[in-house]
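Asks: can you look at this prediction? I've put the sequence above it.
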Amino acid sequence: MKDDNFLKENNARHMWHPMGHPADSLENPPTIIKGADGVHITDLDGHRVVDAVGGLWCVNLGYSNDVVKEAIAKQLYDLPYYSAFAGSTNPTAIEASYAVREFFAEDGMVRSFFTSGGSDSVETTLRLARQYHRLRGEPTRTKFLSLKKGYHGTHFGGASVNGNNRFRINYEPLLPGCYHMPSPYTYRNPFNETDPAKLAQLIAQAMEDEIAFQGANTIAAFIMEPIQGAGGVIVPGETFMPLMREICDRHGILMISDEVITGFGRTGDWTGARHWGVKPDMMSTAKGITSGYFPVGAALMGEKVADVFENDTTGEGAIFHGYTYSAHPVGAAAVTACLSETLRLDTKTNAAARGTQLYEGVLKLAEKHDIIGDVRGGHGLMTGIELVSDKAAKTPMDMPTMKRIHKTAYEAGAMVRLGMHNILMSPPLTITESEVQTILDALDAGFSAA
Ligand SMILES: Cc1ncc(COP(=O)(O)O)c(C=O)c1O
C-alpha cells in the first residue's frame, strides 16, 4: 500500500464517487476509512468512531465476523469463480440457495435468483413479474406501481419505480408505465394527515383510484419497502402494508417487498414483510445477505410465481436474464456463513432492543434541540431524524448546517449519514448499549453545533 501522502494526494482524483458531485469530491475529499473492527471504523488519521451507518445499511454483523471472512477466504482457494448460467453450478451456490430458502420459508419464498446487489435484485423482480403475467396469458400486465419516497436502486427499472426525484430527473426519460402513490409519511403528505391509520386508508384509496384509471389488467406489480430507508426512514402505520397486500390480491397485481435494507433482522424481525404480518409474492434482497463482506443480492420468488415458471411447457418460461456474478461461489460461501451467523447471534432481537434505545434517545434529544422536526424509527435499527430551521413552517435545514452537524458528530465519535436534510442511521445489529449511547452523545454534540 502506498503511503498516506499518496492516498491524500490522489483521493477522488481518478474516480467518481456514487451519489456525489465530482467537483465537490475534489474540493472536499471524502474521508478515507482504512480499517474497522466490531462496530467501529478508523480513518487514515487514526480517528476511530462508532459506525452508525453500518457501512451503507449493510454491515449487520459488524466488521469482525471471522466465520464469514474465513468462509470467503477458503472459497477463494477452492473455486474462485465459475459460471452459474444454466448448464453449470457450484457447491456453495447450491448450499446458499438451501440456506436462503430456509431463512425465508416463513415469508413463503421458495426460490432464489442470485445477483450482485440490490439494484440487480430489484431489476430481476420487475422483469420476472412481467414474464410471470405473460406466462399466465396476461401479457398486457406490464406497468408498475410504487411509492413516492421509495428507493429501489439505480438501474433504469429501479430508478423508474423510485420515488425521489433526485435519482430520476437527470436520467429521464425513464421506463414508461410506472406510477407512484403517496408515501405513508405522516410528517409531510398531500392529505395533511398525521394519523398513520387514516393516512394508510387515504393512500389505499389513491391506489384504488389509480388502478381503476390504468386498468388492473395493465399492472404487473406493486413494489414497496416495508420501511422506506433512503427516503428518510419512513415507518408506515401497521395497517399500511396489509392494506396494500389486500389491494394487490384483489386486482391480480404481484406484491414485491423490497427488503434490501429491511431483510435479515434490521426491523427487529427477519424480514420487513414479516414485521407487518404480510406475505409478498416476491422479495428483493442484498446488503445483510452477506453483511457487506461480498457483493451479493437475491431476488426471491413465492410459490405462486415459482409454479407458473416451473409448470410452463411452452419454453417461454426460460429466464433470459442474469449476471456474470449470479451465484458466484465466493459470494455464495459468504451468504451461507452470514445467514448461519445471523441466526446464531439472533441479531434481530438485539436490533429490536437497541433500535428502541436509539429511537427513544433521539426523541429525548428532540426535547432539547428545536431543529429536530421529526424522529422516525422504533422498529429495529433504522432511525431517521428530519432537521428543520423553522419548526412551525417545517423548513428543511440548509446543507451547510447539515454538514456542520455531520462533521461535529463525527469528531465526537459517530459516523452518521445525511440524506438531504435527514440524518439516517442503521448501525450494525451487533451494537451494544454503550455504543448506542456513544451515537446519541455524538448527535447531541452535532446538534449543539448547528
Ligand atoms: C430498498 C433498496 N432497494 C435497492 C437498493 C439498491 O441496492 P444496491 O445499492 O446494492 O444496488 C437499495 C440500496 O440502498 C435499497 O435501500
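Replies: Ah, there it is.
Asks: element containing residue 212?
Replies: helix 196-214 (DSSP states H and E).
Asks: for the stretch 51-200 of the chain, which residues are neighbours of the ligand?
Replies: Contact residues, the stretch 51-200 of the chain versus the ligand (CB under 6 Å from any ligand atom): 57, 117, 118, 119, 122, 151, 152, 153. C-beta: built from backbone N, CA, C; applies to glycine.
Asks: now with 8 Å, please.
Replies: Contact residues, the stretch 51-200 of the chain versus the ligand (CB under 8 Å from any ligand atom): 56-57, 117-122, 150-155, 158.
Asks: compare those and tell me which has the most neighbours.
Replies: Counting by other CB atoms under 10 Å, residue 121 has the largest number of neighbours within these, with 35 neighbours.
Asks: that one against residue 298, yeah?
Replies: Yes: with contact defined as CB atoms under 8 Å, residue 121 reaches residue 298; the gap is 6.1 Å.
Asks: for these two, list the residues in contact with both.
Replies: Residues touching both residue 121 and residue 298 (CB atoms under 8 Å, 6 or more residues apart in numbering): 115, 285, 286.
Asks: mind checking how far the second one is from the ligand?
Replies: Here the distance between residue 285 and the ligand works out to 9 Å (CB to the nearest ligand atom, to the nearest Å).
Asks: next up, phi/psi of that residue, please.
Replies: With angles defined as degrees, to the nearest 10, residue 285 sits at phi -130, psi 160.
Asks: and it, bridged to which residues?
Replies: residue 298 (DSSP bridges).
Asks: so it touches residue 301, yeah?
Replies: No: at 11.8 Å, residue 285 does not count as touching residue 301 under the criterion of CB under 8 Å.
Asks: who's more crowded, the two?
Replies: Taking other CB under 10 Å, residue 285 and residue 301 do not tie; residue 285 has more neighbours (32 against 26).
Asks: give me the pLDDT for residue 275.
Replies: The model reports residue 275 with a pLDDT of 98.
Asks: helix/strand/coil for residue 145?
Replies: The three-state assignment at residue 145 reads strand, by DSSP: H, G, I helix; E, B strand; the rest coil.
Asks: how about the nearest residue to it, chain neighbours excluded?
Replies: Of all residues not flanking residue 145 in the chain, residue 222 sits nearest, at 4.3 Å (CB to CB, 6 or more residues apart in numbering).
Asks: distance of that neighbour from residue 278?
Replies: Counting by CB to CB, to the nearest Å, the separation of residue 222 from residue 278 is 12 Å.
Asks: okay, and the common contacts of the two?
Replies: Common neighbours of residue 222 and residue 278, using CB under 8 Å, 6+ apart, are 244, 255.
Asks: which one's more surrounded, those two?
Replies: Taking neighbours as other CB under 10 Å, residue 222 and residue 278 compare with residue 222 leading, 28 against 23.
Asks: doesn't the more buried one fall inside a helix?
Replies: No: assigned with three-state DSSP, residue 222 falls outside any helix and is strand.
Asks: was I right to think it contacts residue 250?
Replies: No: under the criterion of CB under 8 Å, residue 222 makes no contact with residue 250, lying 11.8 Å away.
Asks: shared neighbours, these two?
Replies: Joint contacts of residue 222 and residue 250 (CB under 8 Å, 6+ apart) do not exist.
Asks: neighbours of residue 14, just the number please.
Replies: Residue 14 is flanked by 6 other residues according to other CB under 10 Å.
Asks: confidence score at it?
Replies: Here, the pLDDT recorded for residue 14 equals 98.
Asks: mind saving the C-alpha coords of the helix or strand hosting residue 364 as CSV?
Replies: Assigned by DSSP H and E, residue 364 belongs to helix 347-368. Output of helix 347-368 as CSV, limited to C-alpha atoms (Å, rounded to 0.1, in the frame of the first residue of the first chain):
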residue,chain,number,x,y,z
THR,A,347,-29.3,-10.3,15.5
LYS,A,348,-33.0,-9.4,15.2
THR,A,349,-33.5,-9.5,18.9
ASN,A,350,-30.6,-7.1,19.6
ALA,A,351,-31.8,-4.9,16.7
ALA,A,352,-35.2,-4.5,18.3
ALA,A,353,-33.8,-3.7,21.7
ARG,A,354,-31.0,-1.3,20.6
GLY,A,355,-33.3,0.2,17.9
THR,A,356,-35.8,1.2,20.7
GLN,A,357,-32.9,2.6,22.7
LEU,A,358,-31.6,4.7,19.8
TYR,A,359,-35.1,5.9,18.9
GLU,A,360,-36.0,6.9,22.4
GLY,A,361,-32.7,8.5,22.9
VAL,A,362,-33.2,10.7,19.8
LEU,A,363,-36.8,11.5,21.0
LYS,A,364,-35.1,12.9,24.2
LEU,A,365,-32.7,14.9,22.1
ALA,A,366,-35.7,16.4,20.3
GLU,A,367,-36.9,17.9,23.6
LYS,A,368,-33.6,19.7,23.8
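Asks: what distance separates it from the middle of the whole chain?
Replies: 19 Å (CA atoms, centre = their mean, to the nearest Å).
Asks: any low-confidence regions in the stretch 51-200 of the chain?
Replies: Within the stretch 51-200 of the chain, no range satisfies pLDDT under 70.
Asks: so residue 348 touches residue 262, yeah?
Replies: No: using CB under 8 Å, residue 348 is not in contact with residue 262, being 11.0 Å away.
Asks: who has more neighbours, these two?
Replies: Using other CB under 10 Å, the more surrounded residue of residue 348 and residue 262 is residue 262, with 31 against 25.
Asks: could you find the closest non-adjacent residue to that one?
Replies: residue 272 (3.0 Å).
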